[in-house]
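>>> Mind looking at a prediction? Sequence and model below.
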Amino acid sequence: MIEPFEIFGVPQERSVLIVVDHAANHVPDDIDLGISPEFLNDHIAYDIGVANIARYMAETPGYLSILGTVSRLVVDLNRFPDEAGVIPARSDGVEITGNAIGDRERSTRLNRFFHPYHDRVAELIRDLDPALTLFLHSFTPKLRSGLMEIRPWEIGVLYNEQEAASRLAIQHLEQEGLVVGDQQPYSGKDLHATMKRQAEDIGKAYTEIEIRQDLIAHETGQRRFSEILLRICDKVRTGLA
C-alpha cells in the first residue's frame with residue numbers, strides 16, 4: 001500500500017521545508033473516481049511539474065521536501081478536513097462521479113491519506129523548526145471553463161495574514177526577470193488551508209509559490225525553476241533573519 005507522503009533530502013534544523021500538497025496524480029487501485037483516464041494527466045489531477053522541482057531542490061543541503069502521493073481528486077490536501085472540497089465532486093467542469101460517497105468512506109479516505117500527511121508535515125515543522133516553509137504549487141495557463149483568458153503570470157506568490165516572506169519573494173522573483181503575480185492567479189486569503197494550519201497559525205515564516213505549468217512540464221523548466229527557487233529561498237531566509 002502506498003504511503004501518503006514521500007520525503008526527500010536530509011532533515012536539518014532551521015532548514016527550508018518544501019511542502020507539495022498536489023505532487024502526484026496517483027489513484028489507488030481500490031478507488032474508482034468514475035472519470036476518463038485522460039484526466040489523470042490533466043491539471044485537475046495534480047500540480048504538473050512541481051514534484052521534480054521539490055526533489056531537485058532537496059538535493060541541496062539545508063532543503064527538505066515532503067510530497068503528497070495521491071491525486072488531489074482522491075483527497076485535496078490543501079483543504080480543511082471538514083470542507084466539502086476535500087473530496088471534490090467536480091473540478092474545472094469535470095464531474096468526479098466516484099466521489100459521491102457517504103460519511104464512512106469519506107472518513108476512511110481522510111484517515112488513510114489526509115491526516116497522516118498533515119501529521120507528518122506538522123512533525124517536521126515542530127522537530128526541525130524550519131527558517132522558511134515553501135508551499136509549492138503550479139497553475140494551468142488556462143482554465144477549461146473559459147472564465148479567464150490565458151494567464152499572463154509566470155509565477156504567483158500567495159499569502160494570508162503573514163506577508164513578510166512573500167513580499168521578499170515577490171521582490172526577488174521580479175529581479176529574476178519573471179512576470180510575477182501578487183496574489184495571482186489565486187488569492188492566499190481564499191485558498192490557504194495548508195499554509196494557515198501548518199505555518200501561519202503557529203507563527204512560522206512561510207510563502208506559497210505557484211508556477212505556470214507550461215513552463216515546468218519538462219525537465220529543462222523544472223531544473224530552471226528549482227535553481228531560481230533555491231536562490232529566492234536563500235534570499236528570503238536571509239532577509240527574515
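The structure has been received and is ready for your questions.

>>> ok, now which ones touch residue 179?
By CB atoms under 8 Å, 6 or more residues apart in numbering, the residues touching residue 179 are 152, 153, 154, 155. Heads up, the C-betas are built off the backbone N, CA and C, glycines and all.

>>> all helices for the chain, in order.
50-57, 103-109, 115-128, 164-175, 193-198, 219-240 (DSSP state H).

>>> what residues does the third one touch?
Spelled out, that is helix 115-128. With CB under 8 Å, 6+ apart, helix 115-128 has contacts from 3-5, 7, 11-15, 17, 19, 64, 66, 68, 77, 81, 130, 133, 194, 197-199, 202, 204.

>>> Which of those residues are buried? Put it as a PyMOL command.
This is how PyMOL selects the buried members of those, with burial counted by 16 or more other CB atoms under 10 Å:
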select buried, resi 4+5+15+17+19+64+66+68+77+130+133+194+198+199+204
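
>>> Give me the subset of the contacts of helix 115-128 lying in strands.
Judged by DSSP state E, the subset of those located in strands is 5, 7, 17, 19, 64, 66, 68, 133.

>>> can you put those residues in JSON lines and add pLDDT and distance to residue 108?
Putting the ones in strands among the contacts of helix 115-128 into JSON lines (pLDDT from 0 to 100; distance: CB to CB, whole Å) gives the following:
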{"residue": "5", "pLDDT": "98", "distance to residue 108": "18"}
{"residue": "7", "pLDDT": "98", "distance to residue 108": "24"}
{"residue": "17", "pLDDT": "98", "distance to residue 108": "28"}
{"residue": "19", "pLDDT": "98", "distance to residue 108": "24"}
{"residue": "64", "pLDDT": "98", "distance to residue 108": "29"}
{"residue": "66", "pLDDT": "98", "distance to residue 108": "23"}
{"residue": "68", "pLDDT": "98", "distance to residue 108": "17"}
{"residue": "133", "pLDDT": "98", "distance to residue 108": "29"}
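
>>> Looking at those, spot the one nearest residue 223.
residue 64 (19.1 Å; CB to CB).

>>> which ones are touching the nearest residue to residue 170 once chain neighbours are set aside?
Sequence neighbours aside, residue 157 is the residue nearest to residue 170 in space, at 5.0 Å (criterion: CB to CB, 6 or more residues apart in numbering). The contact partners of residue 157, by CB under 8 Å, 6+ apart, come to 166, 169, 170, 173, 180, 181, 182, 183, 207, 208, 209, 210.

>>> Same question for residue 159.
Counting by CB under 8 Å, 6+ apart, residue 159 has contacts 165, 166, 183, 188, 195, 206, 207, 208.

>>> same thing but 7 Å
Listed by CB atoms under 7 Å, 6 or more residues apart in numbering, the contact set of residue 159 reads 166, 188, 207, 208.

>>> Next, give me the two most distant ones among those residues.
188 and 207 (9.1 Å).

>>> In terms of neighbours, single out the busier of those two.
residue 207 (27 against 24; other CB atoms under 10 Å).

>>> So the more buried one is in contact with residue 166, correct?
Yes. Using CB atoms under 7 Å, residue 207 is in contact with residue 166, at 4.4 Å.

>>> Count the residues that sit near the nearest residue to residue 49 once chain neighbours are set aside.
The spatial neighbour of residue 49 that comes closest, neighbours along the chain excluded (CB to CB, 6+ apart), is residue 216 at 3.2 Å. Applying other CB under 10 Å, we find 24 residues neighbouring residue 216.

>>> any idea how far residue 216 is from residue 114?
26 Å (CB to CB, to the nearest Å).

>>> How about residue 7?
Counting by CB to CB, the gap from residue 7 to residue 114 is 17 Å.

>>> Over to residue 131?
27 Å.
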